[in-house]
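> what follows is a predicted protein model with its sequence.
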Amino acid sequence: MKKQDIAVIICTLAILSPFFLSDAVYGAYKTFNAEHGMITSFIKFAVLSTFGECIGLRITSGTYNRKGFGILPRALVWGVLGMGISMAMTIFSSGVPVFLATLGMEDAPTLMASSLSWRKVFVALCISVAMNTIFAPVFMTLHKVTDTHIIETGGTLRGFFTPIHMGDILSRIDWHRQWGFVFKKTIPLFWYPAHTITFLLPGDFRVLFAALLGVVLGLLLAIAAQKK
C-alpha cells in the first residue's frame, strides 16, 4: 500500500464518519434527500461513482488520477446519469409490480411496502431484471460514449462541451467485449442480484446504495479494460 492509498482512505473516513457519528448531520442529510431527491442523486453519483472510476484507474495504472483522465467531466456525466438512474428506479419499481398484478400476482404492488418475504424478494428480483435488461445496456453504452469523448478531448471541461461524434465513437466500440463481458456477464451475474438487494431497501436508501455500487462498477470497468 502506497502513501496515496493511505491518504485516500483517511480522506474517505473523514468525509463519511460524520454521517455515522452525528445524528444532526445524518438528520440533515435525510431531510435534504427527502426534499431534493434529484439533486442528491446527482451528488451521490458524481462523487461515489467517479471515485469508483478513480479506484479502477488505480488498479490499471497505479494512480488515482492522470493527465487526460478528466475527473470533473466524469463527475458531471455521472451526476447526470445518476439522475437518470434515479428516474429509472422510480419507473421500474412502480411499473413492474403493476405488471406482475396483471399476470395474476395481485398483491405485487403492495408487497414492496411489507415485511421481508420470499414473495417480496421475487418482486424485487423482477424489478431488477426488468430495469437491468431494458435500461442498463443503453445506460452502459451511453457511459462508454461519454467516457471515450472525455478521453479524446483531453479530459477537460472545455473539451467535454464540444460536439460528441456519436456515430464515430459507436463504430469504434469493442462490441465483442461490450457484449461478452459488460452485458452478458456483469448484468446477470452482478447487477441482477445487486439491484435486487437495492429494491429491498427502504426508498430513502435505494439511490445511495445504487451510487455505492458505482464504486464496484469502477472495479468492473478496470477488469474489463484489462481483458483481452
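Looks like it arrived, so ask away. What you see is a predicted model, and the numbers here were worked out from it, not measured in a lab.

> mind checking pLDDT for Leu12?
No, residue 12 isn't Leu; it's Thr. With respect to pLDDT, Thr12 has a value of 83.

> in contact with it: list those residues for me.
Applying CB atoms under 8 Å, 6 or more residues apart in numbering, one finds that Thr12 lies in contact with Phe51. Every C-beta, even on glycine, is put in place using the N, C-alpha and C of the backbone.

> helices and strands around the host helix or strand of Ile55, which ones?
Assigned by DSSP states H and E, Ile55 belongs to helix 37-61. If you count contacts as 3 or more CB pairs under 8 Å, 6 or more residues apart in numbering; DSSP states H and E, helix 37-61 packs onto helix 23-35, helix 71-102, helix 203-226.

> of all the residues in it, which ones are buried?
Buried residues in helix 37-61, defined by neighbour count with 16 or more other CB atoms under 10 Å: 37, 40-58.

> ok, back up a step: out of the helices and strands packed on helix 37-61, nearest to Leu189?
Ranking these by proximity to Leu189 (CB to CB) places helix 203-226 first, at 10.3 Å.

> mean confidence score for the closest one?
Mean pLDDT, computed over helix 203-226, is 74.

> what is the neighbour count of Ile85?
By other CB atoms under 10 Å, 25 other residues sit near Ile85.

> that one contacts Val207, correct?
Yes - using CB atoms under 8 Å, Ile85 is in contact with Val207, at 7.5 Å.

> what touches both of these two?
Contact criterion CB under 8 Å, 6+ apart; residues shared by Ile85 and Val207: Ser41.

> excluding its backbone neighbours, what's nearest Phe160?
Nearest non-adjacent residue to Phe160, counting by CB to CB, 6 or more residues apart in numbering: Pro73, 4.1 Å away.

> hmm, that neighbour is touching Thr156, no?
Yes - in this structure, Pro73 is within contact of Thr156 by CB under 8 Å, at 7.2 Å.

> any idea which helix or strand carries Ser114?
Counting by DSSP H and E, no helix or strand carries Ser114.

> tell me the spacing between the closest residue to it other than its chain neighbours and Phe209.
The spatial neighbour of Ser114 that comes closest, neighbours along the chain excluded (CB to CB, 6+ apart), is Lys120 at 6.2 Å. Using CB to CB, to the nearest Å, Lys120 is found at 17 Å from Phe209.

> and those two? Which one has more around it.
Neighbours around Lys120 and Phe209, counted as other CB under 10 Å, are more numerous at Lys120. The numbers are 19 against 16.

> contacts only, for Pro18.
Shown in contact with Pro18 (CB under 8 Å, 6+ apart): Val25.

> mind checking how far it is from Val25?
Distance from Pro18 to Val25, by CB to CB: 4 Å.

> rewinding a little: check contacts around the residue nearest to Ser114.
Leu111, Met112, Ser114, Leu200.

> count of residues packed around the closest residue to the last one other than its chain neighbours?
By the measure of CB to CB, 6+ apart, the closest residue to Leu200 outside its immediate chain neighbours is Ala124, 4.9 Å from it. If you count neighbours by other CB under 10 Å, Ala124 ends up with 23.
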